[in-house]
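J.: Fold the following and give me the result.
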Amino acid sequence: MMFTDQAAKLRMIQSYNKMEQESLMSENTALNTTKQDRVNSTPKKTRVIAVTSGKGGVGKTTFSVNFSITLSKFGKKVIILDGDLGLANINVLLGIIPEYNIYEVLRGKKRIQDIIVSTHFGIDFIAGANGISQLANLSDSQRENFLKDLESLNGYDFMIIDTGAGVGQNVLGFLKPADEIIVITAPEPTAIADAYGMIKSIVANKYEKSIRLIVNEVENAMQAKRVADRIIHLSAQFLSVEIDNLGFIYKEDLVQRSILTQRPFVIAYPNAKSSSCIMHIAKRILNLKEEQETGSGVSGFFDKLFQIFQNT
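T.: The predicted structure is shown next:
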């Protein structure tokens, strides 16, 4: 949606006045935290967030990209890893063609710094490809060298992992070592059922950290609340797990246009409703201090990932 006059802008601002008032204190805290981080001489471990979904087509990868960019707007250093071993699409959304992927690092042909792509959207990117599934085949020396090389990534505040969709072992393998998981769903009954199925699989794998929910492509806030409440209620009743409702994102035609033009919508349409929703979600994540202090770091994440792939 493009705003063509002041009246349209005013209507948008008025319609979201309540949401902006609620998040004003969160924004100020996030900005203050960012300033403190810059002057803090003690490095913090990278916070690893895995983004997943029970089914494809609910906007998981689009969210991962726009969410990463929004975190960078708060002054955070962010790297995004394409963990979808079947349909890697992050590079398409970013309009880049990576020359190398993590497989070259695993084989010892490249250093991790050689495969990082710096985008003009303020985030860095690592192509995963099918090489990640080769983790279990590495020798002890290869594994040690790889983990040591990963220490150079500890300067990042966040690593966002865009996993594949569904409950396959490759997807679940990426979820268990993450510091927190964000499950993306949509209002369709099949998407709701698949999101619950994903949460059930995560719980069955004895994941003990935070699981968060985002309802994407909603028509209005009431629809988002109904969907979220249903999934949260089912999870509490049958899985005995608490799911954090992180927020929702409006359905807008401009999202599809941004995909076609390979310009993330938070960049192409910063005043859109969907961009405001992403901003609100980023503020909430930045203000979850407990997770900020318990990040496992990139090396810690991959060390756990090694163990998972070796046991499958």
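
J.: So, low pLDDT: which residues of the stretch 1-150 of the chain?
T.: Applying pLDDT under 70 to the stretch 1-150 of the chain flags residues 1-44, 85-87, 129-137.

J.: Run through the strands of it in chain order.
T.: Per DSSP state E, counting those that start in this stretch, the stretch 1-150 of the chain carries strands over the ranges 47-53, 78-83, 117-118, 124-127.

J.: These: which one's closest to Ala193?
T.: Ala193 lies closest to strand 47-53 among the strands of the stretch 1-150 of the chain, at 12.1 Å (Cβ to Cβ). To be clear about C-beta, it is placed using only N, CA and C from the backbone, and glycine gets the same treatment.

J.: for the closest one, packing partners?
T.: Packing partners of strand 47-53 (3 or more Cβ pairs under 8 Å, 6 or more residues apart in numbering; DSSP states H and E): helix 60-73, strand 158-165, helix 169-175, strand 180-185, helix 189-204, helix 297-310.

J.: Within its sheet, name the partner strands of it and how each one runs.
T.: Strand 47-53 has the following sheet partners, assigned by DSSP bridges: strand 158-165 (parallel), strand 180-185 (parallel).

J.: Just want the angle from it to helix 189-204.
T.: 140 degrees (axes from the mean of the first three to the mean of the last three Cα atoms, to 10 degrees).

J.: what comes into contact with stretch 221-235?
T.: Stretch 221-235 is contacted from outside by 185-187, 192, 195-196, 199, 203, 213, 215, 218, 241-243, 245, 248, using Cβ atoms under 8 Å, 6 or more residues apart in numbering.

J.: list the contacts for the residue lying closest to Asp149 once chain neighbours are set aside?
T.: Among residues not flanking Asp149 along the chain, Ile112 sits closest, at 4.8 Å (Cβ to Cβ, 6 or more residues apart in numbering). Counting by Cβ under 8 Å, 6+ apart, Ile112 makes contact with Val105, Ile126, Asp149, Leu150, Ser152, Leu153.

J.: returning to what we had before: of all the strands of the stretch 1-150 of the chain, which one comes closest to Arg284?
T.: Using Cβ to Cβ, the strands of the stretch 1-150 of the chain put strand 47-53 closest to Arg284, at 12.2 Å.

J.: what angle separates that closest one from helix 60-73?
T.: Angle of strand 47-53 versus helix 60-73, following the same axes, to 10 degrees, is 150 degrees.

J.: and strand 47-53, which residues are buried?
T.: Within strand 47-53, the residues that qualify as buried are Arg47, Val48, Ile49, Ala50, Val51, Thr52, Ser53, counting by 16 or more other Cβ atoms under 10 Å.

J.: right, and out of those, which lies closest to Gln262?
T.: Looking across the buried residues of strand 47-53 and measuring by Cβ to Cβ, the closest to Gln262 is Val51, at 19.5 Å.

J.: Might one say that that closest one is in contact with Thr185?
T.: No. In this structure, Val51 is not within contact of Thr185 by Cβ atoms under 8 Å, at 11.8 Å.
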